[in-house]
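Colleague: using only what follows, build the 3D model:
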Amino acid sequence: MANTFFVVLPSNVSDYPDNKPNKYRVHLPKPIEFKGGNWVCGLYSIQYPQSWAATIGTDVKQWIEINYKNKKPHRIGIPKTTQLTPNGLSFFLKLVLSNKEKSRKRRDVSIETFEDEIIIDPEINLYPHNYWEAIRDYEQELEQHKVKVEEKTKEVLNEEDETKKEELQQELDHLHSLSEGKKKEIRLLTEEANKRDRRDDRLIANQFLEQHPNDYHEQVIKMEINIIVRYIELEEKIKESREKDGKNARSGDEIQRFINSIKRMRKNLEAIESVIIEKDLNITRDEFNQQNSNTHSEFVQKFFDDHPSEEIIPTKEIFEEQKDEQGNDDLINKKTVTLIKEKESQAKDLHSDIEFEYLDSIDRFRVIFNDPEISNIIISSQLCYVLGFPMGQLVNGQIGKYGIDLKGGFTSFAVYSKGLTSNVIMGNSVSSLLRIVAVENRSGGVVERVYDQPMFIPVLPREINEIEIELRWMNGNLVKFDHGTVIITLMFNRMLRF
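Modeller: Presented below is the predicted three-dimensional model:
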């Protein structure tokens, strides 16, 4: 055996169908025996999809509880999201809390079938996820149709008059033919939806821009609203299922369809947003995230840390340099402000009982109650942290005590492999840690980290035929990927003794 070798471990191997990106097992093609010396193992590289919500709902669901003076408390679930700016977060929360949301209209989707071909109204081509929404609507219609078939079947069985019974039978046959037609429509739509889901993200985004060359910003906002509405509908479905003690299997399937639909919508939105950032700002999404990752206060603090004893003099040369730098940044800043103003103009048409206003001058949020009946609110832990409020009751006009953190407090996760290596001391405990991986405040895309100097740890067993991997946040919970595949490369070295 060589002194060094690598093992690549993808999470989507077919050996274990229950594998997930955050916890999976890989059965090796043949056992590996560690002979002739002391062997060590280290994580050489990791490739993972940054498909979790980085700002809100990264780990557990977030909420806002409203306490009224003369009414019972009301808790509102907050959908998970990734936001790059405080103004964007303020707008997002106002959308969620708005009490003037228009009832969601079913999208017009006209379908004509001929043999196995399908002709779909152009409206459905605007957003790839519309296929799945159309499928969901048709499935709901089919369920209602089945009820009518059952009722008509009972009428036929109970009818004694032969003439009326024959008429009812004809009606029942017609209902059966309609059911078969709906099943065929659902099958054809599902095939088309799966075909579109397999398309490249960038292709989807470019087709979106071709459909909306002039109003793509407005359409993106509509997509964001649709995702929020879908989260609200999902919350209602979960509540209904709990009231029925979760015994309805059909209800469970419907909830899963909602979850899958939201994942697809978020994935498509991330791809479209990335292309729009490149189009508007002439920079990649990664560069945009980097430019927006540090607040002004962080820049100032870093400067004083780097220059503890230097005297700061505002000379003419410094002012000239500042003008040049400002000129280079003006274009990006102007376009970024334009994007924010477009969202703010949309927000003016909304009304919500609670608002989180961003105070740019002090880089803090302020909570505002627009309903005099509200006495206070309580918000969940991660939302508190992101907005900069202390835990506990918040009152009208209260300003955040701490700085804003759009990274949501989750800046790194740990990679473990149980039983492969010796335990590592981690804080006040020991664990089968391989590496701690830093993450960024962004959503979408695939991240690859390569460590030229892995943290080598002694290998425990003398022979292995299976390796188990877990990815957990620093609080111990599994990382909740929305989609994608994790690929880990382990490096094994034999330590030679002289």
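Colleague: other SSEs contacting the helix ranked longest in the chain?
Modeller: Secondary structure assigned by DSSP state H gives helix 162-197 as the longest helix of the chain. Packing partners of helix 162-197 (3 or more Cβ pairs under 8 Å, 6 or more residues apart in numbering; DSSP states H and E): strand 111-114, strand 117-120, helix 130-158. Any C-beta I mention is one placed from the backbone N, CA and C, and that applies to glycine too.
Colleague: mean confidence score for the helix or strand just after it?
Modeller: Sequence order places helix 201-211 as the next helix or strand after helix 162-197, per DSSP states H and E. Helix 201-211 shows an average pLDDT of 72 in the prediction.
Colleague: in helix 201-211, what's buried?
Modeller: When burial is assessed from 16 or more other Cβ atoms under 10 Å, helix 201-211 yields the following buried residues: 201, 204-205, 207-208.
Colleague: now whichever helix or strand comes after it, how far from the centre of its chain.
Modeller: The first helix or strand that comes after helix 201-211 along the chain, using DSSP H and E, is helix 216-243. The chain centroid and the centroid of helix 216-243 are separated by 13 Å, computed with Cα atoms, centre = their mean, to the nearest Å.
Colleague: for helix 216-243, name the packing helices and strands.
Modeller: Contact analysis of helix 216-243 by 3+ Cβ pairs under 8 Å, 6+ apart lists strand 74-78, helix 86-97, helix 201-211, helix 249-281, helix 316-347 as its packing neighbours.
Colleague: neighbours around Phe64, how many?
Modeller: Actually, residue 64 is Ile. It isn't Phe. Using other Cβ atoms under 10 Å, Ile64 has 21 other residues around it.
Colleague: got a list of what it touches?
Modeller: With contacts defined as Cβ atoms under 8 Å, 6 or more residues apart in numbering, the neighbours of Ile64 are 75-76, 78, 97, 354, 377-380, 383.
Colleague: 7 Å instead?
Modeller: If you count contacts by Cβ atoms under 7 Å, 6 or more residues apart in numbering, Ile64 has them with 76, 78, 354, 377, 379.
Colleague: dump the buried residues of helix 201-211 into a markdown table; add distance to Pro29 as well.
Modeller: Formatted as a markdown table, the entries for those read as follows, by distance: Cβ to Cβ, whole Å:
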| residue | distance to Pro29 |
| --- | --- |
| Asp201 | 32 |
| Ile204 | 36 |
| Ala205 | 38 |
| Gln207 | 41 |
| Phe208 | 42 |
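Colleague: Glu440: which of these is nearest?
Modeller: Asp201 (18.7 Å; Cβ to Cβ).
Colleague: if we can go back for a sec, Ser417: which of the buried residues of helix 201-211 is nearest?
Modeller: Taking Cβ to Cβ as the measure, Ser417 sits nearest to Asp201 out of the buried residues of helix 201-211, at 30.8 Å.
Colleague: element containing Val415?
Modeller: Under DSSP H and E, the secondary-structure element containing Val415 is strand 412-416.
Colleague: avg pLDDT for that strand?
Modeller: Taken as a whole, strand 412-416 has an average pLDDT of 93.
Colleague: that one - contacts with which helices or strands?
Modeller: The criterion is 3 or more Cβ pairs under 7 Å, 6 or more residues apart in numbering; DSSP states H and E, and the helices and strands that strand 412-416 contacts are strand 433-438, strand 463-473.
Colleague: change it to 10 Å
Modeller: Packing partners of strand 412-416 (3 or more Cβ pairs under 10 Å, 6 or more residues apart in numbering; DSSP states H and E): strand 38-49, strand 424-426, strand 433-438, strand 463-473.
Colleague: CSV for those, including distance to Met495 and mean pLDDT?
Modeller: Output for those, formatted as CSV (distance: least, Cβ to Cβ, whole Å; pLDDT from 0 to 100):
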stretch, distance to Met495, mean pLDDT
strand 38-49, 5, 92
strand 424-426, 17, 89
strand 433-438, 17, 92
strand 463-473, 17, 92
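Colleague: what's the first-to-last distance across stretch 465-479?
Modeller: Taking Cα to Cα, to the nearest Å, the first and last residues of stretch 465-479 lie 26 Å apart.
Colleague: ok now that stretch, how far from the chain's centre?
Modeller: Its chain's average C-alpha position is 19 Å from that of stretch 465-479, according to Cα atoms, centre = their mean.
Colleague: and stretch 477-485, what's buried?
Modeller: By 16+ other Cβ under 10 Å, the buried positions in stretch 477-485 come out as 479-482, 484-485.
Colleague: just send those residues back as a markdown table, with secondary structure, pLDDT and distance to Lys407 too.
Modeller: Rendered in a markdown table, the data for the buried residues of stretch 477-485 read as follows (DSSP: H, G, I helix; E, B strand; the rest coil; pLDDT from 0 to 100; distance: Cβ to Cβ, whole Å):
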| residue | secondary structure | pLDDT | distance to Lys407 |
| --- | --- | --- | --- |
| Val479 | coil | 91 | 14 |
| Lys480 | coil | 87 | 16 |
| Phe481 | coil | 87 | 17 |
| Asp482 | coil | 82 | 17 |
| Gly484 | coil | 85 | 20 |
| Thr485 | coil | 90 | 24 |
